[in-house]
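# Coordinates only, no sequence provided:
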């Protein structure tokens, strides 16, 4: 009986559509007391996610049972929490509707998050610096009082890291994420001075910074014909940085933070954008939480120096994106096969695949969208479901070739063929990614309902067609329309166009209590060369007095 | 209860279990659905969905099911706190960067005292010529202590030569067999040692591949009855082997290194030859020569990749008495250590000469680790004519080698033989 009771509870659910307004904003921007800054750590999250988190997963019997249930077909993957009835992520302190939802102009894409560029005509004053580590740099205040983080390319790969930072920053921004401003700056090395009380760590000891330190930082850096040094200038964000955000759990001192980050679709779906850009170093330490002037925490994604062909000051190795840097799956296979299995990345010499130093190691041919992983496991990325992946893939597929080119141009690569190469790889990776994910789910989106003459018309975008995954000739939409109340089937038909219409006089009248009639469209996309018909997408349309309106979308 | 009733009861239990299982599978899904704050808004009483925040959480049952993971999670947090503390307060420790000088704690598990602790002090930039000094001190018990002092002059006379001075003192209970190729396990006995050794080595790089060393040494070994706990279980060393020996030595060695590969050596060969002359300083009882040859060969499996390779080592060691004098038993060539017949106990076989053949198959577990499968064949002998195939002893095993960017870093090996087994944890490579 207990089992039956549990079962009955488990089967209860709410309607898959909303007759009221659709949620488009998650109110996580209420004013809160300023939290303490949480320290950023380089090692622990990587160790924890690589080792302990992997052991914890099977110990959580919710996950184990769910996994077992999925194996026998009685359970589904745990879907993201912050998704509205239209299977979309509302805006929040994490995410804004941008290019996919409301097409940005080329200028807007090129501008990205930037509001101001560093003033290179006047003097720069260093107010903080880092001598040690893989990538020394400093912080400056320009003549106009704006503050920037200044970073440089590695000596062997001029323009690589700085261009990757700028290009990926703008692509992430256009996708809808909060990112710091980033721009390429060429500055006169003689117009830089060191502010008062600037201290540096030198061999474990703190001492005042001097001009010799400054010259050691800029030594060998990329210069243009005028002798100016190329740098990435990243503007300080408005507000007070309060540390990082994590890819798992919530922040205990932020009352607005109510959805576990591993259950947020925009964090899960970020994996797809990361895979596109080979953003391998995505982890807690490369995020930023900022306490805004409005009194809430805004969540930023930052540090894109390990994207595209760059891996910090150097290049990506062939393993990046193919496997975790410590990957028990492949380690077990290597051990069991006594080394007779050779992993694809083992035989690649990255140096043989670098067409230009400024683009590093960035390839489309070896890119496997379904197997891409960041350098270390991230709980949110691990939790990504097919629906999350579709969401991420549609953001990526929203960039046209020309838009990609426009953004790549802002990386200011001096070699035209390097720029061409980068555009080409990004386009090919986008297409590969779209082909992979859009062939695993019914790739229809952007639904709209309207009255057209005497008919009710439902239109949608077929992302499979738009991205040339499938051809129009081979695509046919099979659909059935039901009246939700009572479940009566109204019509079954096929269409070769992403436009489904039905005569109004075939539809039922409004219900007696004044509630609008709700129709359920069950749409399957059938490709002639493909024996498999994707699971149907259900679209709910309310026939309201103001006109028909899409009130729910359910993807399987 | 008849068979039919039993069948029905079993069936009902089975279905109840399935239903409970399905329910558990769905508990979180239900929470999730409820957590979806996308209210319909069709009723005026309901707030606008944009004013209702999403939230996620587990049900009571969800928490119950997650309890094992909670326990594990919190059990591992202290490690995280330690690593975070280290990152903030001792960043060099985690970055693998050692400063030019420093002090590190030393710990040793096992042995007579079951554990020993001590300090490592080093300075790599002494004088303007960057001399290096290193002091290790390990304190175990009254019966076990170890002190070591090394001083290196990296450029002694020329850029291609260097001088190393090494002085060590230890007292240590030792179990050994002193048996030849046919000795039995029951021959094991125990003694205590007090050992002082001072060595000086002058090395010169004759060419990129050839290294010549000249060495001299002094050793004072005092052997007496052991007072350790194990002395009650094992027979003590025979009386004629007790006493103090003082040895002076002179010698030279040459090494030809044609091995290739960084960080993994995958091809080429190495040859080592050494000759050393020993003489008693006090009573003239000992006077002998010791010579050795070693051949190492690395063979990549090119049809796979260079990282999959065979590594072979053949080594021969022999002592020869001079002027009718003898050889101290503790200096005779032996087999049974973490470098030769790894599956046997320490000093399992000992005689005037030893021959060892080792074959390892090494393949990458990952870019920073290798797995190695090995077999060791070895025997000791008195005369070369005693060497015969049936007399070889076999040990075998497997291991994990950590590889740093500079090469071998650490090995953990598990070796077996028909008599015993051995677990090896070492920062020194076998070869």
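Yep, it's here. Owing to the predicted nature of the structure, the values given are computational and were not obtained by experimental measurement. Numbers count the residues shown, from 1 in each chain, chains lettered A, B, ... in the order given.
# Look up which residues are beta-bridged to the residue in the stretch 151-300 of chain B that chain A sits nearest to.
Using C-beta to the nearest C-beta, residue B:300 is the residue of the stretch 151-300 of chain B that sits closest to chain A, at 11.6 Å. All C-beta atoms are positioned from the backbone trio N, CA, C, and that covers glycine. Per DSSP bridges, the residues bridged to residue B:300 are residue B:309.
# can you pull the contacts of it?
Residue B:300 makes contact with B:266-267, B:306-309, according to C-beta atoms under 8 Å, 6 or more residues apart in numbering or on different chains.
# Output those in CSV; the columns should cover pLDDT.
Shown next, in CSV, are these (pLDDT from 0 to 100):
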residue, pLDDT
B:266, 94
B:267, 96
B:306, 91
B:307, 93
B:308, 96
B:309, 97
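# From those residues, list the buried ones, please.
Buried members of the contacts of residue B:300, scored by 16 or more other C-beta atoms under 10 Å in any protein chain shown, are B:266, B:307-309.
# How far does stretch A:447-462 sit from its chain's centre?
31 Å (C-alpha atoms, centre = their mean, to the nearest Å).
# what do you get for stretch B:178-194?
24 Å.
# Straight-line length of it, end to end?
18 Å (C-alpha to C-alpha, to the nearest Å).
# Now residue B:49. Its backbone dihedrals?
phi -60, psi -30 (degrees, to the nearest 10).
# Show me which strand runs longest in chain A.
Secondary structure assigned by DSSP state E gives strand A:517-527 as the longest strand of chain A.
# Give me the buried positions along it.
For strand A:517-527, by 16+ other C-beta under 10 Å, it's A:517-525, A:527.
# and the next helix or strand after it, anywhere near chain B?
With elements assigned by DSSP states H and E, the helix or strand that comes after strand A:517-527 is strand A:537-544. No - applying C-beta under 8 Å from any C-beta of the partner chain, one finds strand A:537-544 separated from chain B by no less than 9.4 Å.
# got the angle for the helix or strand following strand A:537-544 vs strand A:517-527?
Downstream of strand A:537-544, the first helix or strand assigned by DSSP H and E is strand A:547-555. Angle of strand A:547-555 versus strand A:517-527, following axes from the mean of the first three to the mean of the last three C-alpha atoms, to 10 degrees, is 50 degrees.
# ok, strand A:547-555: who's next to it in the sheet?
For strand A:547-555, pairing defined by DSSP bridges yields strand A:537-544 (antiparallel).
# And for the one residue in the stretch 101-250 of chain B that gets nearest to chain A, the neighbour number?
Going by C-beta to the nearest C-beta, chain A is nearest to residue B:102 of the stretch 101-250 of chain B, at 10.0 Å. Under the neighbour criterion other C-beta atoms under 10 Å in any protein chain shown, residue B:102 is assigned a count of 14.
# Name the nearest residue to the residue of the stretch 201-350 of chain A found nearest chain B, ignoring sequence neighbours.
Proximity of the stretch 201-350 of chain A to chain B (C-beta to the nearest C-beta) peaks at residue A:339, 2.8 Å away. Closest residue in space to residue A:339, ignoring its immediate chain neighbours: residue B:363 at 2.8 Å, by C-beta to C-beta, 6 or more residues apart in numbering or on different chains.
# doesn't residue B:370 make contact with that neighbour?
Yes - using C-beta atoms under 8 Å, residue B:363 makes contact with residue B:370 at a distance of 6.5 Å.
# what residues are shared contacts of those two?
With C-beta under 8 Å, 6+ apart as the test, residue B:363 and residue B:370 both reach residue B:307.
# The stretch 151-300 of chain A: helices as residue ranges?
A:160-175, A:211-218, A:265-268, A:270-277 (DSSP state H, counting those that start in this stretch).
# Redo these as TSV? Include mean pLDDT, distance to chain B and mean neighbour count.
Below are the helices of the stretch 151-300 of chain A laid out as TSV (pLDDT from 0 to 100; distance: least, C-beta to the nearest C-beta, whole Å; neighbours: other C-beta atoms under 10 Å in any protein chain shown):
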stretch	mean pLDDT	distance to chain B	mean neighbour count
helix A:160-175	97	20	28
helix A:211-218	92	18	15
helix A:265-268	98	10	29
helix A:270-277	98	17	26
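# Kindly reformat these as TSV and extend each row with distance to residue B:175.
Formatted as TSV, those follow (distance: least, C-beta to C-beta, whole Å):
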stretch	distance to residue B:175
helix A:160-175	59
helix A:211-218	57
helix A:265-268	59
helix A:270-277	57
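# For residue A:502, find the nearest of the ones you listed.
Residue A:502 lies closest to helix A:265-268 among the helices of the stretch 151-300 of chain A, at 32.0 Å (C-beta to C-beta).
# Residue B:268 belongs to a helix, doesn't it?
No - under DSSP: H, G, I helix; E, B strand; the rest coil, residue B:268 falls outside any helix and is assigned strand.
# mind listing what it touches?
B:258-261, B:297-298.
# Who is residue B:353 paired with across the strands?
Going by DSSP bridges, residue B:353 forms beta bridges with residue B:318, residue B:381.
# Looks like residue B:345 contacts residue B:336 (just checking).
Yes - at 5.6 Å, residue B:345 counts as touching residue B:336 under the criterion of C-beta under 8 Å.
# List just the nearest of the buried ones among the contacts of residue B:300 to residue A:345.
Using C-beta to C-beta, these come closest to residue A:345 at residue B:307, 12.4 Å.
# and that closest one, what does it touch?
A:339, A:346, B:264, B:266, B:300, B:363-364, B:370.
# can I get those residues in a markdown table with secondary structure and distance to residue A:285?
Output for the contacts of residue B:307, formatted as a markdown table (DSSP: H, G, I helix; E, B strand; the rest coil; distance: C-beta to C-beta, whole Å):
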| residue | secondary structure | distance to residue A:285 |
| --- | --- | --- |
| A:339 | coil | 34 |
| A:346 | helix | 28 |
| B:264 | coil | 31 |
| B:266 | coil | 36 |
| B:300 | strand | 39 |
| B:363 | strand | 34 |
| B:364 | strand | 29 |
| B:370 | strand | 30 |
